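Asks: After the sequence you'll find the predicted model.
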Amino acid sequence: MIAIDASAFKKMLILCDKLCGTVEPSLRYISFYHRDGLRMMTSDGCARLEIFVGFSNPFVGVYNVPIDLLKVFLSDIKGEDVVMNFEEYSVIFRTGNEIMRIKTKPLEKLPEKVVFEHLCSVGKNDFGDAVNFTSSILDEGEFLGIHLEENTIITYGSTSDLLAVYFVPTFSKNTFSIRIPYTTARHVYKFLEHCDDFELNLGDFFGNLVIKLQYMTLDICGEMVPREEIEKLKKIINEESLDRLEARVDIFSRFIRKASGITTRGMRMEISRLGDTLRFSARSQGVQYSADIITKEGKAFKVSFSPHKMRSALSRMKTKKVYLDITTNYLKISNVSGSKIVFIPLL
């Protein structure tokens, strides 16, 4: 048996809800088990979150409870304790004069204990912002890359026409690279968004990325990143600027927003410069749109990309102006600090 403050328990429930997501209803369960105290665990099929609830009487087995049942039961509970009892074939939740008994046959095998190698520490908001920005251009079935080395975490998302990169300063003991599914990346961001602002400890658990904070451990599956991919990424990042323009992000975003409204998802728009004119253009089903900005004369270029994905990335840059750098192979759009960058291949 264990009694826990209802507000604290509801906060844990929210974190589990954000992590498991709604894509696969069969995964919307919380597992309760005893390992040096009561623990609760949920998963979206790739990321697995374990929360230490508190010290309790020991019991045997793993009890799976639908998360939506708990949400309903706790929805209007305030300022009371929730008492949990684990019997042979049922779990009992009690608060005030309300009781919910759920029949369930406990599983015998406990979830694997995560013992990880510590890599580095990073601010929760910084890492969450990195995941949010670089996953903004991705779709289901694509992957977010995370690369740690020396004094930097590089997160990156890549499509056929855009590459979003974010740099987070840190100190990493070892080099580590992983690709995680887009859906899981979004779940991780939503989970972090609802966490208290504590420092994250990142670690390696047999190739999985571990995020440890307070009383919680998040174990994220993924694919190993080939060394060639990291080398190609660094080569793109290190391309020198041949010419630079500066633009107000509100004006720049306005043209891209209008192009995304005119075109259907999957269609493209163009940005080009000839002489002193920077042109934004898009067309869709008999409708043609263009807008010109007069700039200084400079190197001519043309790029083509999805305005819907670029709009998502720009909205997460959180800056008043952007720099447009023309390199040998790319148009590089960055915030003032250079921590957030979108690369678009030149045509």
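Replies: Ah, there it is.

Asks: alpha carbons only for contacts and neighbour counts from here, please
Replies: Noted.

Asks: which other helices and strands contact the strand or helix carrying V91?
Replies: Element membership for V91, per DSSP states H and E: strand 90-95. Helices and strands touching strand 90-95, by 3 or more Cα pairs under 8 Å, 6 or more residues apart in numbering; DSSP states H and E, are strand 81-86, strand 98-103.

Asks: Return the list of strands paired to it, each annotated with direction.
Replies: Taking DSSP bridges as the criterion, strand 90-95 sits next to strand 81-86 (antiparallel), strand 98-103 (antiparallel) in its sheet.

Asks: Any chance you could list what contacts it?
Replies: Contact with strand 90-95 is made by 63, 77, 80-86, 99-105, as judged by Cα atoms under 8 Å, 6 or more residues apart in numbering.

Asks: Quick one: mean pLDDT for that strand?
Replies: Taken as a whole, strand 90-95 has a mean pLDDT of 96.

Asks: what's the answer for stretch 337-347, then?
Replies: In this model, stretch 337-347 carries a mean pLDDT of 97.

Asks: Could you report the distance from R257 to M310?
Replies: R257 sits at a distance of 9 Å from M310 (criterion: Cα to Cα, to the nearest Å).

Asks: And the two? Which one has more around it.
Replies: M310 (20 against 17; other Cα atoms under 10 Å).

Asks: Go ahead and report the secondary structure state at that one.
Replies: With DSSP: H, G, I helix; E, B strand; the rest coil as the basis, M310 sits in helix.

Asks: isn't it right next to T134, touching?
Replies: No: M310 lies out of contact with T134 (Cα atoms under 8 Å); the separation is 11.1 Å.

Asks: Now T22. Its backbone dihedrals?
Replies: phi -120, psi 0 (degrees, to the nearest 10).

Asks: same check, this time on the one 10 residues further on
Replies: With angles defined as degrees, to the nearest 10, F32 shows backbone torsions of phi -110, psi 130.

Asks: which non-adjacent residue is nearest it?
Replies: M40 (4.6 Å; Cα to Cα, 6 or more residues apart in numbering).

Asks: Counting neighbours, what do you get for G61?
Replies: Around G61 there are 18 residues (other Cα under 10 Å).

Asks: OK, contacts around it?
Replies: Y33, H34, P106, L107, E108, K109, L110.

Asks: List the contacts of the fifth one.
Replies: Right, E108. With contact set as Cα under 8 Å, 6+ apart, E108 has these partners: V60, G61, V62.

Asks: just checking, next helix/strand downstream of the helix or strand harbouring E229?
Replies: Per DSSP H and E: E229 is located in helix 227-237. Next helix or strand after helix 227-237 toward the C-terminus (DSSP H and E): strand 243-248.

Asks: Which neighbouring elements make contact with that following strand?
Replies: strand 321-326.

Asks: and the strand it packs on, how far from the chain's centre?
Replies: 25 Å (Cα atoms, centre = their mean, to the nearest Å).

Asks: got the angle between it and strand 243-248?
Replies: Angle of strand 321-326 versus strand 243-248, following axes from the mean of the first three to the mean of the last three Cα atoms, to 10 degrees, is 160 degrees.

Asks: How about residues contacting strand 321-326?
Replies: Outside strand 321-326, the residues touching it (Cα under 8 Å, 6+ apart) are 241-250, 299, 301, 331-336.

Asks: Please enumerate the helices of the stretch 1-150 of the chain.
Replies: Per DSSP state H, counting those that start in this stretch, the stretch 1-150 of the chain carries helices over the ranges 6-20, 67-74, 124-135.

Asks: circling back: just the buried residues of the helix holding E229, please?
Replies: By neighbour count on 16 or more other Cα atoms under 10 Å, the buried set for helix 227-237 is I230, L233, I236.

Asks: Please list the residues outside it that contact it.
Replies: Taking Cα under 8 Å, 6+ apart as the rule, helix 227-237 contacts H147.

Asks: switch to 7 Å and redo it
Replies: For helix 227-237, contacts defined as Cα atoms under 7 Å, 6 or more residues apart in numbering pick out no residues.

Asks: roughly how far out does that helix sit from the chain middle?
Replies: That offset, for helix 227-237, works out to 22 Å (Cα atoms, centre = their mean).

Asks: Please tell me how far the closest residue to S284 other than its chain neighbours sits from V60.
Replies: Nearest non-adjacent residue to S284, counting by Cα to Cα, 6+ apart: T263, 5.3 Å away. Remark: distance between T263 and V60 (Cα to Cα) = 57 Å.

Asks: returning to what we had before: out of the contacts of strand 90-95, who's nearest L346?
Replies: Y63 (55.2 Å; Cα to Cα).

Asks: S31 is in contact with that closest one, correct?
Replies: Yes: Y63 lies in contact with S31 (Cα atoms under 7 Å); the separation is 5.4 Å.

Asks: of all the strands paired with strand 90-95, which gets the most neighbours per residue?
Replies: Among these, strand 81-86 has the highest mean neighbour count (mean count of other Cα atoms under 10 Å), at a mean of 19.

Asks: and the angle for that one with helix 67-74?
Replies: Relative orientation of strand 81-86 versus helix 67-74 (the same axes, to 10 degrees): 140 degrees.
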